[in-house]
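Novice: here are the coordinates; sequence isn't available:
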């Protein structure tokens, strides 16, 4: 993974609050793994659903300040389930190539989404500043022309 991308992604993540991260992660998991938010929160033990939960918990644990209990609350699980999911996620990434590819897809798509959000946010701030500066200059010119 490119170090510049991960640094930019971390900078973007720090600008977002945890709630918006969770919402974005739900949508990315749904798009990449075809697992809905309801399926993530369900008691289903179907492999694709449980794998999606493992990826969800691991990604948020690495990129947010949520506690294990708070992470579990997001998907109606106990903190011990979160611990088990994170451990199992690491084992699967080491041993299951398809699992690791899916997890990498989620991480890359999420990082790209965060980078795009950060760039848009910076552009809005820059445009807002430039617009404000232009308006101030215009007001100054009009004051002199009116006299």
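Specialist: Done, it's in. Since we're looking at a predicted model, the values are computed, not measured.

Novice: Can you pull the poorly scored residue ranges out of the chain?
Specialist: Scanning the chain for pLDDT under 70 picks out 1-17, 114-147.

Novice: Which residue ranges of it form helices?
Specialist: Assigned by DSSP state H, the chain shows helices spanning 3-15, 18-33, 37-41, 47-63, 68-74, 79-95, 97-146.

Novice: now the fourth one against helix 79-95, angle please.
Specialist: What it means is helix 47-63. 100 degrees (axes from the mean of the first three to the mean of the last three CA atoms, to 10 degrees).

Novice: Next, the angle helix 18-33 makes with helix 47-63.
Specialist: Counting by the same axes, to 10 degrees, helix 47-63 lies at 140 degrees to helix 18-33.

Novice: contacting residues around helix 47-63?
Specialist: With CB atoms under 8 Å, 6 or more residues apart in numbering as the test, helix 47-63 has contacts from 10, 13, 21-22, 25, 29, 33-35, 39-40, 42, 44, 66, 68, 71, 74-75, 77, 82, 85-86, 88-90, 92, 99, 102-103, 106-107, 110. For the C-beta atoms, the positions are set from N, CA and C on the backbone; glycine is no exception.

Novice: Of those, select the buried ones using a PyMOL command.
Specialist: Burial among the contacts of helix 47-63 is assessed by 16 or more other CB atoms under 10 Å; the matching PyMOL selection reads:
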select buried, resi 13+21+22+25+29+33+35+39+40+66+68+71+74+75+77+82+85+86+88+89+92+99+102+103+106+107+110
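
Novice: show me the contacts for residue 46.
Specialist: For residue 46, no contacting residues are found, by CB under 8 Å, 6+ apart.

Novice: how near is it to residue 31?
Specialist: Applying CB to CB, to the nearest Å, the value for residue 46 to residue 31 is 18 Å.

Novice: Kindly report the same for residue 51.
Specialist: For residue 51, the distance to residue 31 (CB to CB) stands at 15 Å.

Novice: do the same with residue 100
Specialist: 18 Å.

Novice: Next: residue 105.
Specialist: Distance of residue 105 to residue 31, computed by CB to CB: 10 Å.

Novice: Compare those two and say which is more crowded by neighbours.
Specialist: Neighbours were counted for residue 105 and for residue 31 using other CB atoms under 10 Å; residue 105 has more, 15 against 12.
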